[in-house]
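Asks: Prediction below, plus the sequence it came from.
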Amino acid sequence: MTEAEIRASAWLQAWDAQGTHRTGTAGDAAGGEWLAAEATALGAAVTVEDFTFDRLDPIACHLDIAGRRIEGVPVFDAPPTDAAGVTGTLGRDIAVAELSPRAVYTGAFQRLRRAGDRKALVVVCQGDAPGLGLINAEDFRQRYGTPAIHVSSEARDVVLAASRVGVSAQLVAHSQQTRARAVNIVITLAGTNTGKPPLVVMTPRSSWWQSTAERGGGLVCWLESLRALIAEPPRRDVVFTANTGHELGHLGLDEFLARRPGWGQPGAAEWIHYGANLGAFGGWLSLVSNADDLRRLGLAALTDAAQPPDDIPPPTLVPSGETRDIHKAGGRYLTLVGTNPLFHLPQDRWPHAVDVLAVARIGAAAAEMVRALSR
């Protein structure tokens, strides 16, 4: 193994060991403390920017069909039920839809959720592998529609068969709200050229599960980029931020921008975003940017690192994830993002979900991109 692969392996294993990284939970707190400690060990002065929110804590979540109970997970931006839940005919009063985690980015998903002719919704998870591939709660602060739950794809045949014949069912999505603390990990490296706007190096650091391939590659890129600028200080201001709240409508990015009004607007800052699934085993790598010069920079760095992108979408593409917010505001950005056969599934774990060599190569390219843009 190279030194870069050894570092990547150590960071990925540490992340995997922290448990579930859902925003405001113990695993999320452990992830923040670990990342701050790693950054400090590299020589950075870390700022912890905390905020409070109402965490959703499930109490009971299940679908009961003809005496059989199927455990589930709430759709986190849907309203809850009480302890008794909702009773009705499956397929009519309680709608059923097979949906992948990517469905959240479609208008059809929102229309399905807002339809007023039903009492509740069952989302049968759909993905490249079986299990609970959860859908992000893009409207966590403004929940909408009827009560809704996810059930595993492993319950697909039972749920769809019951829906076709219209059996009576009970859906329970009982939960409580708990005031909780969440944190962004922020580092500011001051440059000597104050005439240039700051460079923001961003990665999400929260998720539904351990999400070792989903989040780990981005964190390796973030740490490798920080390591590069500690060794070679920047000429312009560079702000590193690792934000929580990704799966809950980007709560952490909202908080970061609220403290820095206008930074998402044209000319205010440049953004590098290390998105999901970088170096996921069996995944593809995409280079996304709305600026030709940033696309050229990213392509050259990835090619030099022997990990060229599999896809370079047109600059007009509206990206998913946190970059979408910057794109819509008109900011300049360069994003690395990948695919993952275990996307949003509990099985996304060390070591089988990650390609350490790919992670290390992407991390090297990321460091070179940041080094070039920091001058």
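Replies: Right, received. Where do you want to start?
Asks: The residue positioned nearest the centre of the chain and residue 233, how far apart?
Replies: Geometric centre of the chain, nearest residue: residue 246, 4.6 Å, by C-alpha atoms, centre = their mean. Distance of residue 246 to residue 233, given as C-beta to C-beta, to the nearest Å: 29 Å. No exception for glycine: its C-beta is placed from N, CA and C like everyone else's.
Asks: With residue 20 instead?
Replies: According to C-beta to C-beta, residue 20 stands 37 Å off from residue 233.
Asks: Between these two, which is the more surrounded one?
Replies: Neighbour totals were compared for residue 20 and residue 233, and residue 20 leads with 17 against 12 (other C-beta atoms under 10 Å).
Asks: How many neighbouring residues does the residue nearest to the more buried one when sequence neighbours are not counted have?
Replies: For residue 20, ignoring the flanking residues on the chain, the nearest one in space by C-beta to C-beta, 6 or more residues apart in numbering is residue 27 at 4.5 Å. Look at residue 27: counted by other C-beta under 10 Å, it has 21 neighbours.
Asks: give me every residue that touches residue 27.
Replies: 18-21, 210 (C-beta atoms under 8 Å, 6 or more residues apart in numbering).
Asks: what's the helix or strand for it?
Replies: helix 26-42 (DSSP states H and E).
Asks: tell me the angle the next helix-or-strand element following that helix makes with helix 26-42.
Replies: Later in the chain than helix 26-42, the nearest helix or strand by DSSP H and E is strand 46-65. Orientation check (axes from the mean of the first three to the mean of the last three C-alpha atoms, to 10 degrees): strand 46-65 against helix 26-42 gives 160 degrees.
Asks: Could you pull out the strands in the stretch 251-375 of the chain for me?
Replies: 270-274, 285-289, 332-338 (DSSP state E, counting those that start in this stretch).
Asks: got the angle between the first one and strand 332-338?
Replies: In this case it means strand 270-274. Angle of strand 270-274 versus strand 332-338, following the same axes, to 10 degrees, is 10 degrees.
Asks: Burial check on the residue nearest to residue 35 when sequence neighbours are not counted, number of neighbours?
Replies: Excluding the flanking residues, the one nearest residue 35 by C-beta to C-beta, 6+ apart is residue 185, at 5.1 Å. Residue 185 has 26 neighbours, counted by other C-beta under 10 Å.
Asks: Going by length in residues, pull out the top helix of the protein.
Replies: In the chain, assigned by DSSP state H, the helix with the most residues is helix 212-231.
Asks: now residue 254: how far from residue 363?
Replies: 27 Å.
Asks: Show me the helices in the stretch 251-375 of the chain, by range?
Replies: For the stretch 251-375 of the chain, the helices defined by DSSP state H, counting those that start in this stretch cover 251-258, 292-304, 323-329, 356-373.
Asks: where's the residue of the chain most remote from its centre relative to residue 320, distance?
Replies: Distance from the C-alpha centroid of the chain, by C-alpha atoms, centre = their mean, peaks at residue 165 (37.3 Å). Going from residue 165 to residue 320 by C-beta to C-beta gives 37 Å.
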